[in-house]
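In: Generate a structure from the sequence data that follows.
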Amino acid sequence: MAWVLRLTSAEGRPDWKAERKIAGLTTALRLAMSAQGGGAARVELGPGAESIAPLLVDPRLRIPVVAAGDAADSPPELVVEIPWNTVIHRDLLKALAASGAKGTRRLLAEPFDFHPPFGFEPILIVDRKAASRAVGALLNSLRKVQDGWTSTYLNRYVSLFFTRALVRTPLRPNQVSVGILLVGFVGAYLATTGSYWPMLVGAFLFQMQSILDGCDGELSRVTYRGSHLGEWLDTVGDDLTNYGFFAGTAVGMYKASGWWPYLVAGGVTVGCGVIASAIEYRYLYKIGSGDLLKYPLGVGTAPTTAAVEKGVIARALDAIAPIFKRDTFVLMTFIGAVAGLLGPFLLVFACGGVGILIAVFKAELRMARERRAQGT
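Out: Numbering: from 1, shown residues only. Got it, this is the predicted structure:
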């Protein structure tokens, strides 16, 4: 459906300049980017909003910006009017356009029933208090329903704290991804020492990498700087950190004890991980994505390509699947390091690595059967 976003003059006698930013973007540009994400044909500047045109000159915005009434094409089916000093949920305009609404909708005067996970009502920016509330709402909306236990109750609180600071800097998400990867590599190196305190610091850095891993994605979503390269940096960076730390732990535990099964456990953990990742990357490359959450593993809350009737064992695996999500097993690794039990934990994770590889093989067999059934 053809629709446009029309920005109107500011409301509420705002004590707020148009060029001031909310979580890294001006309110006008954020509205325009939200409209672009929702499939809008263009952004129109209504009476009283013409002065904000320079704020919409940005390479991220690819749809045209015109004065209201200047468009040469036929009238759109839907016009969404909203004051330029409003902050909304990034998916609100997309949902409104998809609802089939037609005519002119004045978003603040005619509220739209929209209640996504971690959503919020439109916020009119009239002072610093409203701006602070909008930043908090935008950051909270970056949470994901797919988050595991540890991310939900610990990691997101810390990563969002850092993201609140990062949006005030010139750093880009991909630069943050590289910095986070370096933190993981330092942790992996310290794990090779075989001494308690260096290995503990290494495990702490492994945990910090897991926490900070949320920042690049949060920064990209809140500033509309997501990219295909960024998805791959995030996915590959996580895997390299995992492989590096568990390989380093295997070497460190062998140095400390001389017990060769630690090397075997490290080899199994890393080997299974590399094979599973290669299979997952092949699938992601085919669908044109670097987001590992799109791989149809079919375990726990992971997506699947078809409805699957699960037996008792499969349901039991689903129940414990959160333990083997990255956020939780990294925290468990740190706890193991504190307790001086990295060796036994490495043996447990070797078994987990085998289990994940089996789950990936099963997912591939399921998709192969589906392709044969469809004759593709």
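In: going forward, measure contacts between C-alpha atoms and count neighbours the same way
Out: Fine.
In: Name all residues that make contact with Asp58.
Out: Contacts were defined as Cα atoms under 8 Å, 6 or more residues apart in numbering; by that measure Asp58 touches no other residue.
In: What lies in contact with stretch 226-244?
Out: In contact with stretch 226-244 (Cα under 8 Å, 6+ apart) are residues 173-174, 177-178, 181, 184-185, 188-189, 206, 210, 213, 216-217, 220, 269-270, 273-274, 277, 289-292.
In: wait, isn't Glu11 in contact with Pro83?
Out: Yes: taking contact to mean Cα atoms under 8 Å, the distance of 6.3 Å between Glu11 and Pro83 places them in contact.
In: Comparing the two, which shows the higher neighbour count?
Out: For the pair Glu11 and Pro83, the greater number of neighbours falls to Pro83 (24 against 14), based on other Cα atoms under 10 Å.
In: Now the helix ranked longest in the chain: buried residues?
Out: Among the elements of the chain assigned as helix by DSSP state H, the one spanning the most residues is helix 342-374. Using 16 or more other Cα atoms under 10 Å as the test for burial, helix 342-374 gives 342-343, 345-347, 349-350, 352-354, 356-357, 359-360, 363-364, 366-367.
In: picking that back up, which of the contacts of stretch 226-244 count as buried?
Out: By the neighbour-count criterion of 16+ other Cα under 10 Å, the contacts of stretch 226-244 include these buried positions: 173-174, 177, 181, 184-185, 188-189, 206, 210, 213, 216-217, 220, 269-270, 273-274, 277, 289-292.
In: Take those and keep only those in strands.
Out: Within the buried ones among the contacts of stretch 226-244, membership in strands is found for no residue, as judged by DSSP state E.
In: Got phi/psi on the residue located most distally from the centre of the chain?
Out: Taking Cα atoms, centre = their mean as the measure, the residue most remote from the mean C-alpha position of the chain is Gly258, 41.0 Å away. When read as degrees, to the nearest 10, the backbone of Gly258 gives phi 70, psi 10.
In: Tell me the spacing between it and Pro116.
Out: Going from Gly258 to Pro116 by Cα to Cα, to the nearest Å gives 54 Å.
In: In the chain, what helix or strand scores lowest on average pLDDT?
Out: Considering only helices and strands, the least confidently modelled element of the chain by mean pLDDT, DSSP states H and E is helix 312-320, at a mean of 59.
In: what's downstream of that helix, the next helix or strand?
Out: On the C-terminal side of helix 312-320, the closest following helix or strand by DSSP states H and E is helix 326-338.
In: Next, the angle from that next one to helix 342-374.
Out: Angle of helix 326-338 versus helix 342-374, following axes from the mean of the first three to the mean of the last three Cα atoms, to 10 degrees, is 160 degrees.
In: Skip the chain neighbours and tell me the closest residue to Cys186.
Out: Actually, residue 186 is Val rather than Cys. Take Val186 and drop its neighbours on the chain: the residue closest to it by Cα to Cα, 6 or more residues apart in numbering is Gly202, 7.0 Å away.
In: isn't there a helix covering the one you found?
Out: Yes: if the criterion is DSSP: H, G, I helix; E, B strand; the rest coil, then Gly202 is within a helix.
In: For it, grab the count of nearby residues.
Out: Burial measure for Gly202: 28 neighbouring residues, criterion other Cα under 10 Å.
In: cool, the one 10 residues further on as well?
Out: The burial metric for Leu212, expressed as a neighbour count using other Cα under 10 Å, is 25.
In: Do you know the pLDDT at it?
Out: In the prediction, the pLDDT value recorded for Leu212 is 96.
In: Number of residues surrounding the closest residue to it other than its chain neighbours?
Out: The spatially closest residue to Leu212, leaving aside those adjacent along the chain, is Ser159, at 5.5 Å (Cα to Cα, 6+ apart). For Ser159, the number of neighbouring residues by other Cα under 10 Å comes to 20.
In: Tell me the spacing between Ser159 and Gln207.
Out: From Ser159 across to Gln207, the span is 12 Å (Cα to Cα).
In: swap in Leu31?
Out: For Leu31, the distance to Gln207 equals 36 Å [Cα to Cα].
In: ok, now Val201?
Out: According to Cα to Cα, Val201 stands 10 Å off from Gln207.
In: and Leu139, helix, strand or coil?
Out: Under three-state DSSP, Leu139 comes out as helix.
In: roughly how far apart are it and Asn242?
Out: In this view, Leu139 and Asn242 are 27 Å apart by Cα to Cα.
In: Kindly report the same for Ala359.
Out: Here the criterion is Cα to Cα. By it, Ala359 lies 18 Å from Asn242.
In: so where do the strands sit in the stretch 1-150 of the chain?
Out: Remark: strands of the stretch 1-150 of the chain, listed N- to C-terminal, are 3-8, 21-22, 25-26, 42-45, 65-67, 78-83, 86-87, 103-106, 123-124; assignment by DSSP state E, counting those that start in this stretch.
In: Quick check: can you name the pairing partners of the last one and their directions?
Out: Which is strand 123-124. Looking at strand 123-124 with DSSP bridges, its partner strands are strand 86-87 (antiparallel).
In: And the fourth one, by the same measure?
Out: The strands that strand 42-45 pairs with in its sheet are strand 3-8 (parallel), strand 65-67 (parallel) (by DSSP bridges).
In: Ok, which of the ones you listed comes nearest Pro111?
Out: Each of those was checked against Pro111 via Cα to Cα, and the shortest separation belongs to strand 3-8, namely 15.4 Å.
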